[in-house]
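**Q** pasting the structure only:
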């Protein structure tokens, strides 16, 4: 990778590798061409006028070839190849990707490609998750509807399975599966903070402050998750298991980034957070119980024990003061608040259903089995 | 028997609320506490069919008169009596049919 000799607006100092997401193994033509383009150098090095080449042209061609603009776009966009490419593009806004210059984050050509993927992605999610109906327009009524959506969720209960039946290998797979999001827990919802005002903003900050440890770095929830991973003999490096996770996991994480990075969808990311919190405290108790049943101590269960208590607080704040009050404040956002909640339940449910289905067939829920502990 | 922080008899209760397991809420002692600046900001928010949210400089006192350490700025006190982590809410009210009258 070359470094521009002229003054660059990017920081020329290499970022510590451990903080960036490792560049994943490609899973098809789109992710192959994308990773090749992004790791070839800084976009500032490319002068289309001089060379007449667009480094992203192969990516555009690959997207065209897989049918991203065609009649099956909403199916194509959910393939692991396109989802991985989307995750890499989104990651530029979080910790960055190993070997990829941060200047790519706001490269207009790359943003255009991302939009070309996001359009069918949002359409696929809208098709997958119907708009929940709601008669209420007040904060309390919208919160009650959100709690009802969470209570009515009939996804197979992964947490109950872990509590009672999962074996040690399956428990480790679960922790690895969840690590793609949990090692950046809360970050996608934080994008909403500057987009809100008044009571909903204060409510979101209150929740996120707790997520980020209330001023104690070691208490940050993603730090607690890393501790759980290490306690189970797993690699707690950010993104370490990206190559191992299936498309359903990529979809669930990308859905959060889609909602979080678009102001237009701020109602949906708020609803997503509300549903996430509302389906956390009881399942986390079950995960903790399952891990204790398998012989793990507080160093492993601490993350889940913390979430039993924390998310029982967060779900109340998220339901009324955040989501409910946002729906009151901006009535046009109410439907997206509810849809974001339903989307969370659906895509997280898909991940659980996928893992349980694989385990019931005696197979791994990961693409690459984990090395032994 | 080891002595832990015992709520002084002179403590003033911030409300007449008593939890299902006998926990009460007392004014936090003044002092060099970092939250002292927010002393006036105590707020108690009953959540319909759910816990009591407590914000501000409040000490949680157990039925034995001893202080229960808080782990976070905003806490949810169990009101249904079904929690496995008393005095804190653990979401059990959602599955045990608890109904509040607020």
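**A** On my side now, so go ahead. Treat the numbers as computed from the prediction; the structure is a model and nothing was measured.

**Q** which ones are touching the residue in the stretch 201-350 of chain A positioned nearest to chain B?
**A** In the stretch 201-350 of chain A, the residue that lies nearest chain B is residue A:281 (3.6 Å; Cβ to the nearest Cβ). For the C-beta atoms, the positions are set from N, CA and C on the backbone; glycine is no exception. Residues in contact with residue A:281 (Cβ atoms under 8 Å, 6 or more residues apart in numbering or on different chains) are A:307-312, A:315, B:89-91.

**Q** kindly report the same for residue A:118.
**A** Residue A:118 touches A:86, A:258, counting by Cβ under 8 Å, 6+ apart.

**Q** got a pLDDT number for the residue of the stretch 201-350 of chain A closest to chain B?
**A** Looking at residue A:281, its pLDDT stands at 94.

**Q** same check on residue A:337?
**A** 98.

**Q** and the residue nearest to the residue of the stretch 201-350 of chain A closest to chain B when sequence neighbours are not counted, its phi and psi?
**A** Nearest non-adjacent residue to residue A:281, counting by Cβ to Cβ, 6 or more residues apart in numbering or on different chains: residue B:91, 3.6 Å away. Main-chain torsions, residue B:91, degrees, to the nearest 10: phi 90, psi 0.

**Q** what is the burial count for residue B:91?
**A** 29 (other Cβ atoms under 10 Å in any protein chain shown).

**Q** tell me how far the residue of the stretch 201-350 of chain A closest to chain B lies from residue A:175.
**A** 19 Å (Cβ to Cβ, to the nearest Å).

**Q** just flag the most distant two among the contacts of residue A:281.
**A** A:307 and B:89 (12.7 Å; Cβ to Cβ).

**Q** for chain B, which residues are neighbours of chain A?
**A** Neighbours of chain A within chain B, by Cβ under 8 Å from any Cβ of the partner chain: B:47-48, B:50-51, B:53, B:71-76, B:84-85, B:88-92, B:94-95.

**Q** 10 Å instead, please
**A** When proximity is defined by Cβ under 10 Å from any Cβ of the partner chain, chain B lies next to chain A at B:34, B:45, B:47-55, B:71-76, B:78, B:83-85, B:88-95.

**Q** now those: which count as buried?
**A** B:45, B:47, B:49-54, B:72-76, B:78, B:83, B:88-94 (16 or more other Cβ atoms under 10 Å in any protein chain shown).

**Q** need phi/psi at residue A:133.
**A** According to degrees, to the nearest 10, residue A:133 has phi -90, psi 150.

**Q** quick one, what contacts it?
**A** A:145, A:335, A:338 (Cβ atoms under 10 Å, 6 or more residues apart in numbering or on different chains).

**Q** now do residue A:76
**A** With the criterion set at Cβ under 10 Å, 6+ apart, residue A:76 makes contact with A:30, A:63, A:66-70, A:82, A:117, A:120, A:124.

**Q** residues contacting the closest residue to it other than its chain neighbours?
**A** Nearest residue to residue A:76, sequence neighbours excluded (Cβ to Cβ, 6+ apart): residue A:67, at 4.8 Å. Neighbouring residues of residue A:67 by Cβ under 10 Å, 6+ apart: A:73, A:75-77, A:79, A:82, A:120.

**Q** for chain A, what's its nearest residue on chain B.
**A** residue B:91 (3.6 Å).

**Q** confirm for me that that residue is in contact with residue A:311.
**A** Yes. Counting by Cβ atoms under 10 Å, residue B:91 touches residue A:311, with 7.4 Å between them.

**Q** so for those two, which residues contact both of them?
**A** If you check residue B:91 and residue A:311 against Cβ under 10 Å, 6+ apart, the residues they both contact are A:277-284, B:76.

**Q** show me where the stretch 201-350 of chain A has helices.
**A** For the stretch 201-350 of chain A, the helices defined by DSSP state H, counting those that start in this stretch occupy A:221-231, A:247-261, A:266-278, A:281-293, A:298-316, A:325-329, A:334-360.

**Q** return the most buried member of the ones you listed.
**A** Among those, helix A:266-278 has the highest mean neighbour count (mean count of other Cβ atoms under 10 Å in any protein chain shown), at a mean of 29.

**Q** buried ones in stretch A:201-211?
**A** So for stretch A:201-211, counting by 16+ other Cβ under 10 Å, buried means A:201-204, A:206-208, A:210-211.

**Q** got these as JSON lines, with pLDDT and distance to chain B columns?
**A** As requested, the buried residues of stretch A:201-211 are exported to JSON lines (pLDDT from 0 to 100; distance: Cβ to the nearest Cβ, whole Å):
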{"residue": "A:201", "pLDDT": "98", "distance to chain B": "16"}
{"residue": "A:202", "pLDDT": "98", "distance to chain B": "11"}
{"residue": "A:203", "pLDDT": "98", "distance to chain B": "10"}
{"residue": "A:204", "pLDDT": "98", "distance to chain B": "13"}
{"residue": "A:206", "pLDDT": "97", "distance to chain B": "6"}
{"residue": "A:207", "pLDDT": "97", "distance to chain B": "9"}
{"residue": "A:208", "pLDDT": "98", "distance to chain B": "12"}
{"residue": "A:210", "pLDDT": "95", "distance to chain B": "6"}
{"residue": "A:211", "pLDDT": "96", "distance to chain B": "11"}
